[in-house]
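J.: I'll drop the sequence and a predicted model, then ask my questions.
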Amino acid sequence: MLESADNLRDSTDMTDPLTETLALTEARCHVSRGFEAIGDWALHYPASNRLKFSAVVEGTCWIDFDDELPTGRIELMPGDIVLFDGRHEFVKGNSDAVPIGDAVAAFGTTDGPIARFGSGTTTGIGPRVVGVGGHVSLNRTGEELLMRALPPVLHLRATDDRAATFHWLLHRLLREASTADLGASLAAADVAHLLFLEALRACLAEVDALPVGWLRAIADERIGPALRLMHDHPGRAWQLEELARAVAMSRTTFAERFRSVAGVPPLTYLLNWRMRLAERALRDGDQPMSAVAHSLGYTSDSAFSNAFKRVNGIAPRRYREAARAARADAGAEEAATA
């Protein structure tokens, strides 16, 4: 039912699964205001259900998530970054001796690109903490792929091999987020995106901290090369024995290890990846259904349609129609509010 074809890639030089998957998620980084806290302070942040990051540029503080997470209180040093899924409320501060304030109010009642708060704001007396944060917007595919692949909270310390990179990016991000220079918002978003990518690279270096899933699989020294082959040639009629041989493992050992790190069997992963590519082609492209099917290696529209419906619960034609209707509604709403 399948033939060797893989024409749905963005470009011929996209060869690593992280790049390809992030492209599918349409990840966009949005920088919130930086802050300067002087003296004692503690602020409560509500849950947001968005992938978020918080970083300390200067000084020290802590971040404390609610009781549902086992992380406890995380002490943050200059250059440290916390990446979290935003599903839990938390408190950030440097003192338990002050009442916990409301972060939304604290950031909303100060003018300018930098929010200022703390017991020493007017006097300048007390420890100084400078930080910056933001969130990552994802499409529906991204929410399914990325949010599940990361732990609820990940503390990236500025003491590893990436310390110099984190320090430079954070200082640059704070500068762009706190200036009125032309192009500053665009520059801040680009720097934040690079910071997010560096954070993901740091995650891959700490594979044991990652949940079972695709991100852990691409970081696995034994399984990663096989996964890259499937990403390089998603339309090829891969056999389990062929993938196992490519990584010098027996069929049984390969299948067991792949499932233990990726959470699904190898050929199920391949099917799911093809369907993610199909979703993008149907949503964003104008190729006929037969061309999409052929590009993913299916020799008939019915075989492709059955596979798509089995994975997504909806026929590809109806998926395309719904996606186009949603895009038209979004365009009409944008025009009405312009």
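T.: Okay, I see it. On a predicted model such as this, the values are computed, not experimentally measured, just so you know. Residues are numbered from 1 along each chain as shown.

J.: which residues does residue 156 contact?
T.: Shown in contact with residue 156 (Cβ atoms under 8 Å, 6 or more residues apart in numbering): 80, 81, 82, 83, 162, 166, 199, 202, 203. Every C-beta, even on glycine, is put in place using the N, C-alpha and C of the backbone.

J.: Repeat that for residue 123.
T.: Contacts of residue 123 were listed using Cβ under 8 Å, 6+ apart, and they are residue 39.

J.: Repeat that for residue 266.
T.: Counting by Cβ under 8 Å, 6+ apart, the residues that residue 266 touches are 226, 230, 238, 240, 243, 254, 255, 258, 259.

J.: what's the answer for residue 222, then?
T.: Contact analysis of residue 222 by Cβ under 8 Å, 6+ apart lists 247, 249, 257.

J.: how about a cut-off of 10 Å?
T.: By Cβ atoms under 10 Å, 6 or more residues apart in numbering, residue 222 lies in contact with 247, 248, 249, 253, 254, 257, 258, 261.

J.: Quick check: the gap between the closest residue to the fourth one other than its chain neighbours and residue 155.
T.: Spelled out, that is residue 253. Closest residue to residue 253 apart from its sequence neighbours, by Cβ to Cβ, 6 or more residues apart in numbering: residue 244 at 7.5 Å. Remark: distance between residue 244 and residue 155 (Cβ to Cβ, to the nearest Å) = 36 Å.

J.: low pLDDT regions in the stretch 51-200 of the chain?
T.: 68, 160 (pLDDT under 70).

J.: quick one on the thing from earlier: if we take the contacts of residue 222, which one ends up nearest to residue 28?
T.: Minimum distance to residue 28 across those is 28.5 Å, recorded for residue 261 (Cβ to Cβ).

J.: the longest strand in this structure is where?
T.: strand 128-137 (DSSP state E).

J.: List the buried residues of that one.
T.: 129, 130, 131, 132, 133, 134, 135, 136 (16 or more other Cβ atoms under 10 Å).

J.: cool, and stretch 253-260?
T.: By neighbour count with 16+ other Cβ under 10 Å, stretch 253-260 contains the buried residues 254, 255, 257, 258, 259.

J.: Which residue, neighbours along the chain excluded, lies closest to the residue nearest the centre of the chain?
T.: By Cα atoms, centre = their mean, the chain has its centre lying nearest to residue 146, at 4.9 Å. Nearest residue to residue 146 in three dimensions, chain neighbours excluded: residue 25, at 5.5 Å (Cβ to Cβ, 6+ apart).

J.: Next, count neighbours for that neighbour.
T.: 21 (other Cβ atoms under 10 Å).

J.: Let's see the pLDDT reported for it.
T.: Predicted confidence (pLDDT) for residue 25: 89.

J.: Would you report the backbone torsion angles of it?
T.: phi -80, psi -20 (degrees, to the nearest 10).

J.: For residue 277, see how far away it is.
T.: With Cβ to Cβ as the criterion, residue 25 and residue 277 are 13 Å apart.

J.: Then residue 290?
T.: 16 Å.
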